[in-house]
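Participant: Here is a sequence with its predicted model. Questions after.
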Amino acid sequence: MLRVGGGLVGSELADERKWSEERGLDWYLLHDPTRAGVQRLVGDINRAYRDTPALWTHDTEPAGFRWIAGDDVANNTVSFVRIAPDGSTLVCVANFSARPLHHYRIGLPAGETWTEVLNTDAHHYGGSGVGNLGAVHAEDVPWHGLVASVALQVPPLGVIWLRQG
């Protein structure tokens with residue numbers, strides 16, 4: 001497992017040394033496929049953030065956030081919805097345990113197809129590949145106050161982002 005050193009500069013390289021203005025970034029680290037995966041992940045997170053208004057438009061307003069499950073201690077997970085002013089949403093599910101969660105059911109604000117925008121455990125990033133094959137279809141079955149639900153594959157020590165459509 002990679003440890004990323006202190007400081008934000010160069011973190012996308014998964015450098016174990018703290019960044020210093022006295023030397024350049026250790027670009028040679030990208031020859032390691034695992035470190036190159038971290039760089040791809042950081043780039044994809046930045047692109048998804050830029051392209052998803054639900055992640056940044058209502059940052060300081062309660063209307064932009066809703067818990068799905070903030071207290072699932074049995075599975076060591078949290079899940080929540082981010083909401084843009086136009087009503088578009090992004091769902092985040094984070095698994096803090098070292099075991100994958102298969103058929104993990106959560107509620108969703110709509111019963112339709114949800115695209116897996118980001119999976120931090122994808123093979124593309126050097127992960128194990130536990131995920132939802134790019135999309136899931138929510139059932140019109142209410143779940144804890146939400147109008148639909150879905151059974152997900154949530155990777156170990158990983159995060160998935162789902163977007164409507």
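Facilitator: Done, it's in. Residues are numbered from 1 along each chain as shown.

Participant: any idea what sits nearest residue 102, other than its immediate chain neighbours?
Facilitator: Closest residue in space to residue 102, ignoring its immediate chain neighbours: residue 153 at 5.7 Å, by C-beta to C-beta, 6 or more residues apart in numbering. The C-beta positions use only the backbone N, C-alpha and C, and glycine is treated the same way.

Participant: swap in residue 91?
Facilitator: Distances taken as C-beta to C-beta, 6+ apart place residue 162 nearest to residue 91, at 4.3 Å, with adjacent residues excluded.

Participant: which residues touch that neighbour?
Facilitator: By C-beta atoms under 8 Å, 6 or more residues apart in numbering, the contact list for residue 162 reads 90, 91, 92, 93, 108, 114, 115, 116, 117, 136.

Participant: Let's see that with 10 Å instead.
Facilitator: 79, 81, 89-93, 106, 108, 113-119, 132, 135-136, 138, 150, 152 (C-beta atoms under 10 Å, 6 or more residues apart in numbering).

Participant: Confirm that it lies within a helix, as I assumed.
Facilitator: No. Counting by DSSP: H, G, I helix; E, B strand; the rest coil, residue 162 is not part of a helix but strand.

Participant: ok, now how distant is it from residue 98?
Facilitator: As judged by C-beta to C-beta, to the nearest Å, residue 162 and residue 98 stand 22 Å apart.

Participant: Please identify which helix or strand holds residue 40.
Facilitator: Assigned by DSSP states H and E, residue 40 falls within helix 33-51.

Participant: buried residues in that helix?
Facilitator: By neighbour count on 16 or more other C-beta atoms under 10 Å, the buried set for helix 33-51 is 35, 36, 37, 38, 39, 40, 41, 44, 45.

Participant: Against which helices or strands is that helix packed?
Facilitator: When contacts are defined as 3 or more C-beta pairs under 10 Å, 6 or more residues apart in numbering; DSSP states H and E, helix 33-51 sits against strand 113-119, strand 158-164.

Participant: after that helix, next one along is what?
Facilitator: strand 65-72.
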